[in-house]
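[1] give me the fold of what follows.
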Amino acid sequence: MSSRFLVPCVLAIGAATAVVALEPAGQRGSLSAPHVSALYVSAVDRKNVPVTDLTAADFVLKEGGDVREIVRVERATAPMDIAMIVDDSGAGIFRYPIANFIDHLRGRARFSIGRLVVQVQRIVDYTSDIEQLRAAVLRLGVIEQTPRGGQIVEAVLQSAKDLQRRDSERPVIIVLTDTDTGDSSLPAQHVLDQLQRSGAVMYVISVLRRPALNSAPGQTAADKPSELLERQLDINRVLGDGPKQSGGRRAEIAGLAGPILELQEIAEELTRQYLITYMVPAGEKLGQKINISTKRRSVSVRAPSRAERGAR
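    Modelled structure (predicted):
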């Protein structure tokens, strides 16, 4: 890792990205006049390398099945607010990857870091101050006798609410987890709806490992198998559909024998996003399903499935 930051390391995490600038809540009726909307997208090749030379003529944007006029395509330069959720069972395995990730995006983002110890514990609130971030990362070391799993869905919900309150221009949620168990009392759709309202793009990096013999926090002998299954399905849906619907990505990795290339890809792509501005005709509804593609062969676009905010 660069000597500029924190502790020596060469690890990181990532994915591709797409965030959206959304219309104020409640505006879902038909428009009385033409409306300008904008959203952030990433374009990557088959190796997840950002493609940076696309123009408006290369994109096709459909909303509610109808082709929209793209007014402008430009490099995204607005600062990001990035919420990092660390679910590492107290093992400290994501400490160096997070340090590298922050180092890569210095000057481009404010970061918050929360760690799951059953419930999420906020280590640092949104800041770009390097000293505060250094101290926060150093606190991500080993914690003995930490139970595996936790309220990861609740952590996602809280991060989405925080980002919405901040009215972030480019909100991002990154979940790093090494567990395959957890507990949640929240329906998945409730969390996914809040994620959409926040406009955040969500990424999940999961370390694959064998299921634990011990129960997840909150489970008791009185829990019915059907209830446990329902909770786990809700967790899996949030961690799976959240990235897909928000324009992010879920990556599963075998372990931490070397650098986490996926996080390095996230950092690289976040610095190379596009801001697409397009026109919604009068008489159309806001919040319809969006599909963005490119005419360029072997290039994929990651974008949110719905846009509810207008251009700022």
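
[2] what strand or helix carries residue 133?
    Under the criterion DSSP states H and E, the helix or strand holding residue 133 is helix 130-138.

[3] whoops, I mixed them up, residue 83
    When elements are assigned from DSSP H and E, residue 83 belongs to strand 80-87.

[4] restrict the helix or strand following that strand to CA atoms and write it as PDB.
    Elements were assigned by DSSP H and E; along the chain past strand 80-87, the next helix or strand is helix 95-104. Extracted as PDB, the C-alpha positions of helix 95-104 are listed here (Å, rounded to 0.1, in the frame of the first residue of the first chain):
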ATOM      1  CA  ARG A  95      -8.500  -4.000   7.600                       C
ATOM      2  CA  TYR A  96      -5.800  -3.700   4.900                       C
ATOM      3  CA  PRO A  97      -8.200  -3.900   2.000                       C
ATOM      4  CA  ILE A  98     -10.200  -1.000   3.400                       C
ATOM      5  CA  ALA A  99      -7.100   1.000   4.000                       C
ATOM      6  CA  ASN A 100      -6.100   0.600   0.300                       C
ATOM      7  CA  PHE A 101      -9.600   1.400  -0.900                       C
ATOM      8  CA  ILE A 102      -9.700   4.600   1.100                       C
ATOM      9  CA  ASP A 103      -6.200   5.500  -0.100                       C
ATOM     10  CA  HIS A 104      -7.300   5.000  -3.700                       C
END
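
[5] direction included, what does the following helix or strand past helix 95-104 pair against?
    With elements assigned by DSSP H and E, the helix or strand that comes after helix 95-104 is strand 109-117. In the sheet containing strand 109-117, its partner strands are strand 80-87 (parallel), strand 119-127 (antiparallel), by DSSP bridges.

[6] chain center to the last one: distance?
    Taking C-alpha atoms, centre = their mean, to the nearest Å, one finds the center of strand 119-127 at 16 Å from the center of the full chain.

[7] just list the residues touching residue 128, thanks.
    By C-beta atoms under 8 Å, 6 or more residues apart in numbering, residue 128 lies in contact with 79, 106, 107, 109, 110, 111. Heads up, the C-betas are built off the backbone N, CA and C, glycines and all.

[8] follow-up on the earlier one: ok, then the element right after the helix holding residue 133?
    Sequence-wise, the next helix or strand beyond helix 130-138 is helix 152-166, with elements assigned using DSSP H and E.

[9] which elements pack onto that next one?
    strand 80-87, strand 109-117, strand 119-127, strand 170-177, helix 188-198, helix 225-246 (3 or more C-beta pairs under 8 Å, 6 or more residues apart in numbering; DSSP states H and E).

[10] out of these, which is closest to residue 155?
    Shortest separation from residue 155 across the helices and strands packed on helix 152-166 is recorded for strand 119-127, at 4.0 Å, computed as C-beta to C-beta.
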